[in-house]
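> sequence first, then the predicted structure:
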Amino acid sequence: MRRRALVKAALSAPALPVAMPVLAMPALAQAPAWVADRPISLVVPFLAGGSTDIAARVLAERMGPRLGPGARIIVENRAGAGGAVGGEWVRQRPADGYTLLVATASSHATNPAALPSQTPYDPVTDFTPIAAIGGGPLVVVVPAASPWRDARGMVEAVRARPNAFSWATSGVGGVGHLTGEYLKISVGGLQAEHVPYRGGSAVMEALAKGEVAYSLEVLASSAPHLRDGYSRGLAVTSRARHPLFPEIPTLDETVAPGFEVTTWNVLLAPKGLPASALAALNTAVNGALAEGAVRDRLAGAGVDPSRPTTPEETREFLVSELAKFRGIVRQAGLRLQG
């Protein structure tokens, strides 16, 4: 009943906020202790430097010691197709606990929703959910030299000159793409050329060079460029301003009342992960996220860390998010070819 309610709400109000599960974590089923006796590959399905990569490297450092004496986690970037390349690679690996995926809203919700024929896996049934990692808003970003000082000025300029401007995202069908399309219909219709890149770091570099007029990029990828003045944030996609950049208003309070979309990361393994490995990995993730230093590092990078979550809560979250973004695709009338 609860899942049907989640799906119904997602379909009727696709811009609902992404909220990581916060329920108290019940004990997992008892299983023999699993100890990592060789390096674990933690796959990031995007280029190095983006929000997913940042979260993965922070977690890898602190999860390793919790999985056995001398256990090591090695971050491996496998970018392409909005996260589908990395996701498919992990899907095909043995379910032994030694290959993990930092899944994203793009790889496991927006891409399957917008490009189902080009997503070679089922985002829920082909993986073993382990735990939620965290999330955060996207930011409407423009180059530092842009004449646009606020979101209203940007919207008015794009509306006045249809197809005269280009905007960048981390890939066709990704969370930035769907959020941008949803913004366009939320402000009454805008026409601008979408330019996909292979990751958040590439998007921010394109903005800094003035190759595109604006982007919707996750806060964690944008934060260093915003701090250094290479780019300027006009609005965030969450309902409330973000404490990292409290001076940046929300789309809700500027040009799109009620607008709210956020991104997220969850830890997955290939389907069929043994219970002992699942229990150990879930404990390691939640333990690492409970460390004050880890939470501070993630928050400082723009990733709001999750509270403890179980594998089942993580699965339910994936189901509800997939339904939500399918609702956005229908509402925007998107017909994407990749």
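Everything's here; your move.

> please make it C-alpha for all contacts and neighbour counts, starting now.
OK.

> phi and psi next, for the nearest residue to Pro39 once chain neighbours are set aside.
Leaving aside its chain neighbours, Pro39 sits nearest to Arg72 (5.0 Å; criterion: C-alpha to C-alpha, 6 or more residues apart in numbering). Backbone torsions for Arg72, taken as degrees, to the nearest 10, come to phi -130, psi 140.

> show me what contacts Arg72?
Arg38, Pro39, Ile40, Ala60, Gly64, Pro65 (C-alpha atoms under 8 Å, 6 or more residues apart in numbering).

> ditto for Ala95
Applying C-alpha under 8 Å, 6+ apart, one finds that Ala95 lies in contact with Ala269, Pro270, Lys271, Gly272, Leu273, Pro274.

> related to what we said a few turns ago, in CSV: the contacts of Arg72, plus secondary structure.
Supplementary listing: the contacts of Arg72 in CSV, determined by DSSP: H, G, I helix; E, B strand; the rest coil:
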residue, secondary structure
Arg38, coil
Pro39, coil
Ile40, strand
Ala60, helix
Gly64, helix
Pro65, helix
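
> whichever of these end up buried, select them in ChimeraX.
Of the contacts of Arg72, the buried ones go into a single ChimeraX selection, burial set by 16 or more other C-alpha atoms under 10 Å:
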select :40,60,64,65
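
> output the contacts of Arg72 as JSON lines; include the columns pLDDT and distance to Pro305.
Shown next, in JSON lines, are the contacts of Arg72 (pLDDT from 0 to 100; distance: C-alpha to C-alpha, whole Å):
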{"residue": "Arg38", "pLDDT": "94", "distance to Pro305": "27"}
{"residue": "Pro39", "pLDDT": "96", "distance to Pro305": "25"}
{"residue": "Ile40", "pLDDT": "98", "distance to Pro305": "22"}
{"residue": "Ala60", "pLDDT": "96", "distance to Pro305": "14"}
{"residue": "Gly64", "pLDDT": "95", "distance to Pro305": "18"}
{"residue": "Pro65", "pLDDT": "94", "distance to Pro305": "19"}
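
> which one of the contacts of Arg72 is nearest Asp252?
Ala60 (35.3 Å; C-alpha to C-alpha).

> which strand residues bridge the residue nearest to that closest one when sequence neighbours are not counted?
Nearest residue to Ala60, sequence neighbours excluded (C-alpha to C-alpha, 6+ apart): Ile73, at 5.3 Å. The partner list for Ile73 in beta bridges (DSSP bridges) reads Ile40.

> and Ile73, what pLDDT?
Ile73 carries a pLDDT value of 98.

> got a list of what it touches?
Per C-alpha under 8 Å, 6+ apart, neighbours of Ile73: Pro39, Ile40, Ser41, Leu42, Ala60, Glu61, Met63, Gly64.

> what about 10 Å?
Taking C-alpha atoms under 10 Å, 6 or more residues apart in numbering, we find Ile73 in contact with 36, 38-42, 56-57, 59-65, 67, 98-100.

> go on, Pro129?
Applying C-alpha under 10 Å, 6+ apart, we find Pro129 in contact with 101, 103, 123, 266-271, 273, 278, 282, 310-318.

> distance of the residue nearest to Pro39 from Pro120?
29 Å (C-alpha to C-alpha, to the nearest Å).

> ok, Gly64 next?
From Gly64 to Pro120 the distance is 30 Å (C-alpha to C-alpha).

> just Arg161 next, same as before
Separation of Arg161 from Pro120 (C-alpha to C-alpha): 38 Å.

> go on, Ile133?
For Ile133 relative to Pro120 (C-alpha to C-alpha), the value is 24 Å.

> tell me where the chain has strands.
Shown for the chain, the strands assigned by DSSP state E span residues 40-44, 73-77, 99-104, 127-143, 166-169, 193-196, 214-218, 231-236, 262-270, 304-305.
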